[in-house]
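*Asks:* coordinates only, sequence not included:
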């Protein structure tokens, strides 16, 4: 099983890139992990918000295979504690051979086709974070979930 994270646009800030790289390296100990960065679209000033989301949706969907489980990181998604998410992932991994794809959309959100393709949605927080910062927060929480599943001392309750 592979875990894939699809993001729209590059991570501009060096400190965020460094953090993402740290957690990507840590995740290699637990799973096959792939980060797919879809370049931000150019020349989009004349597009409406929905047109932009539709174009991004096409690019996102090209990176999700028919058999993949697709989970959107979305403010309307299910919220978890770190421990409950670790339990959720552990059950998912125990009962499924499907690859799991998490998607962080662009700054305007997801297009309808991406919502239609999604198997579920999860929310990292009720607070709003930049899309670049969410990448690091998500990867840290994914790493934390694996350490909880393995009974390692990273997480404290």
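*Replies:* On my side now, so go ahead. Source: prediction; values computed, not measured.

*Asks:* Quick check: longest strand in the protein by residues?
*Replies:* Ranked by residue count and defined by DSSP state E, the top strand of the chain is strand 69-79.

*Asks:* Return the list of strands paired to that one, each annotated with direction.
*Replies:* strand 100-104 (parallel), strand 120-123 (parallel) (DSSP bridges).

*Asks:* Report the mean per-residue pLDDT for the lengthiest helix in the chain.
*Replies:* Secondary structure assigned by DSSP state H gives helix 131-149 as the longest helix of the chain. Along helix 131-149, the predicted confidence averages to a pLDDT of 96.

*Asks:* between that helix and strand 100-104, how big is the angle?
*Replies:* Between helix 131-149 and strand 100-104, the angle comes out at 150 degrees (axes from the mean of the first three to the mean of the last three C-alpha atoms, to 10 degrees).

*Asks:* so what does helix 131-149 touch, helix or strand wise?
*Replies:* Applying 3 or more C-beta pairs under 8 Å, 6 or more residues apart in numbering; DSSP states H and E, one finds that helix 131-149 makes contact with strand 2-8, helix 14-27, helix 82-95, strand 100-104. The way it works is simple: take the backbone N, C-alpha and C, and place the C-beta from them, glycine included.

*Asks:* Counting by contacts, list what the first one packs against.
*Replies:* Identification of packing neighbours for strand 2-8 by 3+ C-beta pairs under 8 Å, 6+ apart yields strand 32-38, helix 49-61, strand 100-104, helix 131-149.

*Asks:* Okay, now the sheet partners of it, with direction.
*Replies:* Note on strand 2-8: by DSSP bridges, its sheet partners are strand 32-38 (parallel), strand 100-104 (parallel).

*Asks:* any idea how far residue 3 lies from residue 30?
*Replies:* As judged by C-beta to C-beta, to the nearest Å, residue 3 and residue 30 stand 9 Å apart.

*Asks:* So which residue of this protein lies furthest out from the middle?
*Replies:* residue 46 (28.4 Å; C-alpha atoms, centre = their mean).

*Asks:* so how far is residue 52 from it?
*Replies:* Taking C-beta to C-beta as the measure, residue 46 and residue 52 are separated by 10 Å.

*Asks:* rewinding a little: tilt between the longest strand of the chain and helix 49-61?
*Replies:* For strand 69-79 against helix 49-61, the angle by the same axes, to 10 degrees is 130 degrees.

*Asks:* Appreciated, that's everything.
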